[in-house]
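S.K.: sequence first, then the predicted structure, then my questions.
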Amino acid sequence: MKLGKSNALVCGVFALGLSAANASSIAIEQTLEALAAGDPIVGRQVSQMLSRIESGQAEQVIQSTMQEFFRVAPDGRLTQGVLDLAQQRETARVRAALLGQYLAYDLDGDGAVDASEMDGFFGDAAARLATLRGVADGDGDGVISAQELRNEANAQAERQRGQRTIRHLMAFDLDEDGVVLVDEVLQGFRVLRGEDHAVVLNDGPRIIADGPLARATDEAAPVERAQINPDGLPVELHMVGIYEPRTSRASDGRTIREEVVVKVDRPGVSVVLVLGSYEATRWAIETTDGTRVDRIVAHDRNRARGEVLLNGEDAAVTYRDLPIAYRQEGNRFQPFHKVARQVAGQPNASSFVGAYRAPLDGFVIDEAPGVPTAAEIEAALAAEALPASELSKTLRRAFEGRVAAPGAAWQLRDEGFVGVDADGKSMVYPLDLDAPEVSWPTGAAYDPEGGRIWGVTLGGVGYLYEYDIADNQWTARSMDNVDAGGLIFDPLTGNLIATPGPHGRSGYLIMDTNAEVLAQLEFDPADYPGLIGTYDPGNGPTPRMVPVMIEGAQLLVRADADRRLEQNTRSRWFYLVDLQSGDARLVR
């Protein structure tokens, strides 16, 4: 079987360093060739992979490949059945996501979207529905039936099929037992790099052959929970997290990656050590007399290029895909804690130490204060929170989603204010030609009695837009770089309250309708119970505080965290803020 013209690169790369290839390396070539010829998507992936290896990007290829390998086969064993199941799950995920986009417009829950449900939308939503009608309304009757929705979702899922496949890795089944192990993939890459010939790996513990990729690996199944080891010693899980090690420059100009020293002083216990790092790291574990480190788990990113030494000797290491966390706070820590507990078989960690960049003197583990789990933290927050039942009737109904502030019916868009008037009619008030372009709108407020709508934006210096409905008059005033996360009208005082934006620098601003600041209330996320667990402090924006309802000096707000980031909890984060004292209470 010969590769087509588009796959000529495959042959060219195989010719590099393989003139003396043995039967196993030839088998890799033949299998890759067959896979590439049988599937255009796989052919492109193989060509790209080999091209990157040829251009000197082998390390990057290995790292990205191993991440995908463990995404599909988290137990470190890749088979055709695992690939097929992963493909089915990916197709189902795409199909569900596509259906979910449009079922949001299915107001009566019948699984279809009719003409009445598609009316009254503007901007992006109207464009999406117009596209959906064009591609899914097969009979042109103006109604997208449940079957038409399913047909279009299936069609789009099929078009996206295979974009993340790693079927080409089955070519690395060196012992031809139908199972591709991590060692076989790494050994296969050594063959492709011309560093070694492939070998058949026998059953038993897998040890990669001598060379720069040589590392002992332990691919055992997850450990069963046991707080006492077979020798009768209590088991302790200790976690270390960094983003990167320190680097230095040698006298000849070479860059040196400094080792990260972890001194463990826990005599009389069995220590399980979990090491998390984003960049490849040379870990140097040192133990005091009587201290036993019985198991080490390291991040998969450390597998190909990193190193783990225990008292100066190569250590047996279990590699796992670990979330990155280098501080014991924020939305990244508890996912790291959860995976560490699972692979160690422990109910919770005994300690955590970490830093963005590893400190010069490394880390010392000599205490076991205990690390609370996400469930324990959530239970403590709930116990201290203000019960929603103790809110006033108006605030409680707003918390439950049964009523909303008048401004919730309006949005500031590129075209102007879009919303629903007092008669329930969908309206658009076009933006005046002289008004600044709308950039990054974050909220709108409405005074039903005065007939005025306001909107606030973050783009540039930020602007407060006002539209007087009766006079058909637009006004825009500069916010002078105030980052507002939302806006609400206070009917009691006739003022506007701008809430903290995604950076939280400006706090709460009480303004008159001319954007003149009358009072300012500082905002510190640390004063909001549990809030720091919803974002990545120091590495991401704070959640913007969205106003929900105001009653007197009491403002109910909702923390709107970045949903692209992994969350520690699915709880809703509502706070009752006293605009006079600044006190904030979590509401549950």
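M.R.: Sure thing, it's come through.
S.K.: where do the strands sit along the stretch 201-350 of the chain?
M.R.: With DSSP state E, counting those that start in this stretch as the criterion, the stretch 201-350 of the chain has strands at 235-244, 247-249, 255-257, 260-264, 270-277, 282-287, 292-299, 307-310, 313-314, 318-320.
S.K.: most tightly packed of those?
M.R.: strand 270-277 (a mean of 25; mean count of other C-beta atoms under 10 Å). The C-beta positions use only the backbone N, C-alpha and C, and glycine is treated the same way.
S.K.: direction included, what does it pair against?
M.R.: strand 235-244 (parallel), strand 292-299 (parallel) (DSSP bridges).
S.K.: between strand 282-287 and the shortest one, find me the angle.
M.R.: Here strand 292-299 runs at an angle of 160 degrees relative to strand 282-287 (axes from the mean of the first three to the mean of the last three C-alpha atoms, to 10 degrees).
S.K.: from Asn472, how far out is Ile144?
M.R.: Distance of Ile144 to Asn472, computed by C-beta to C-beta, to the nearest Å: 37 Å.
S.K.: of the two, which one has the most company?
M.R.: Between Ile144 and Asn472, counted using other C-beta atoms under 10 Å, Ile144 has the larger neighbour count: 27 against 10.
S.K.: my read: that one touches Tyr105, true?
M.R.: No - counting by C-beta atoms under 8 Å, Tyr105 is not a contact partner of Ile144; they are 9.2 Å apart.
S.K.: common neighbours of the two, please.
M.R.: In terms of C-beta atoms under 8 Å, 6 or more residues apart in numbering, Ile144 and Tyr105 are both contacted by the residues Val113.
S.K.: and the pLDDT for the residue nearest to Ala115 when sequence neighbours are not counted?
M.R.: Excluding the flanking residues, the one nearest Ala115 by C-beta to C-beta, 6 or more residues apart in numbering is Gly142, at 4.7 Å. With respect to pLDDT, Gly142 has a value of 74.
S.K.: how close does Gly142 get to Gln101?
M.R.: With C-beta to C-beta as the criterion, Gly142 and Gln101 are 19 Å apart.
S.K.: where does this protein dip in pLDDT?
M.R.: Applying pLDDT under 70 to the chain picks out residues 1-41, 54-56, 59, 63, 120-135, 157-165, 193-229, 504, 562-571.
S.K.: before we move on, back to that, what about the residue nearest to Ala115, how many residues nearby?
M.R.: Counted by other C-beta under 10 Å, the residues lying close to Gly142 total 11.
S.K.: that one is in contact with Ser116, isn't it?
M.R.: No - using C-beta under 8 Å as the test, Gly142 is too far from Ser116 to be in contact (9.9 Å).
S.K.: do you know how far the residue lying farthest from the centre of the chain is from Pro335?
M.R.: Most distant residue from the mean C-alpha position of the chain: Asp471, 47.0 Å away (C-alpha atoms, centre = their mean). Look at Asp471 and Pro335: by C-beta to C-beta, they are 53 Å apart.
S.K.: do the same with Leu237
M.R.: From Leu237 across to Pro335, the span is 15 Å (C-beta to C-beta).
S.K.: who does the residue nearest to Asp468 when sequence neighbours are not counted bridge with?
M.R.: Closest residue to Asp468 apart from its sequence neighbours, by C-beta to C-beta, 6+ apart: Arg452 at 5.4 Å. On the basis of DSSP bridges, Arg452 is bridged to Asp447, Asp468.
S.K.: residue contacts, Arg452?
M.R.: With contacts defined as C-beta under 8 Å, 6+ apart, Arg452 is in contact with Tyr446, Glu466, Tyr467, Asp468, Ile469, Thr513.
S.K.: go with 10 Å
M.R.: Neighbouring residues of Arg452 by C-beta atoms under 10 Å, 6 or more residues apart in numbering: Ala445, Tyr446, Glu466, Tyr467, Asp468, Ile469, Ala470, Asp471, Gln473, Thr475, Phe489, Thr513.
S.K.: now, among those, which is nearest to Arg505?
M.R.: Ala445 (20.9 Å; C-beta to C-beta).
S.K.: hang on, that closest one packs against Gly419?
M.R.: No - with contact defined as C-beta atoms under 10 Å, Ala445 does not reach Gly419; the gap is 11.5 Å.
S.K.: and these two? Which one has more around it.
M.R.: Counted by other C-beta under 10 Å, Ala445 and Gly419 do not tie: Ala445 has more neighbours, with 26 against 21.
S.K.: so that one, which state does it fall into?
M.R.: strand (DSSP: H, G, I helix; E, B strand; the rest coil).
S.K.: gap between it and Gly401?
M.R.: From Ala445 to Gly401 the distance is 19 Å (C-beta to C-beta).
S.K.: equivalent analysis for Pro525, please.
M.R.: Distance, Pro525 to Gly401, by C-beta to C-beta: 25 Å.
S.K.: which stretches in the stretch 151-300 of the chain count as helices?
M.R.: 182-192 (DSSP state H, counting those that start in this stretch).
S.K.: hmm, back to that, please name whichever of the strands of the stretch 201-350 of the chain is nearest to Val339.
M.R.: Of all the strands of the stretch 201-350 of the chain, strand 318-320 sits nearest to Val339, with 6.8 Å by C-beta to C-beta.
S.K.: given that closest one, what are its sheet partners and their directions?
M.R.: Strand 318-320 has these strand partners (DSSP bridges): strand 292-299 (parallel).
S.K.: dump the strand it pairs with to PDB, keeping only the CA atoms.
M.R.: What follows is strand 292-299, C-alpha atoms only, in PDB (Å, rounded to 0.1, in the frame of the first residue of the first chain):
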ATOM      1  CA  ARG A 292       8.900   6.900  54.400                       C
ATOM      2  CA  VAL A 293       7.700   8.100  51.100                       C
ATOM      3  CA  ASP A 294       5.900   5.000  49.800                       C
ATOM      4  CA  ARG A 295       4.200   6.500  46.700                       C
ATOM      5  CA  ILE A 296       4.800   9.500  44.400                       C
ATOM      6  CA  VAL A 297       2.300  10.800  41.900                       C
ATOM      7  CA  ALA A 298       3.400  13.400  39.400                       C
ATOM      8  CA  HIS A 299       1.700  15.400  36.600                       C
END
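S.K.: so it versus strand 260-264, what angle?
M.R.: With the same axes, to 10 degrees as the basis, strand 292-299 and strand 260-264 are set at 150 degrees to each other.
S.K.: distance from strand 292-299 to the middle of the chain?
M.R.: Remark: strand 292-299 is offset 26 Å from the chain centroid, using C-alpha atoms, centre = their mean, to the nearest Å.
S.K.: thought Tyr102 was touching Gln156?
M.R.: No - Tyr102 is beyond contact range of Gln156, at 11.0 Å (criterion: C-beta under 10 Å).
S.K.: list residues touching both of these two?
M.R.: Listed contacts common to Tyr102 and Gln156 are Ala136; contacts here mean C-beta under 10 Å, 6+ apart.
S.K.: doesn't Gly81 fall inside a helix?
M.R.: Yes - per three-state DSSP, Gly81 lies within a helix segment.
S.K.: pull the contacting residues for it.
M.R.: Neighbour list for Gly81: Gly178 [criterion: C-beta under 10 Å, 6+ apart].
S.K.: before we move on, back to that, format the strands of the stretch 201-350 of the chain as CSV; extra columns: distance to Glu176.
M.R.: Output for those, formatted as CSV (distance: least, C-beta to C-beta, whole Å):
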stretch, distance to Glu176
strand 235-244, 39
strand 247-249, 42
strand 255-257, 38
strand 260-264, 40
strand 270-277, 34
strand 282-287, 35
strand 292-299, 30
strand 307-310, 31
strand 313-314, 29
strand 318-320, 24
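S.K.: so the closest residue to Ala340 other than its chain neighbours versus Asp414, what's the distance?
M.R.: In space, and not counting its chain neighbours, Ala340 is closest to Val274: 4.2 Å by C-beta to C-beta, 6+ apart. Distance, Val274 to Asp414, by C-beta to C-beta: 48 Å.
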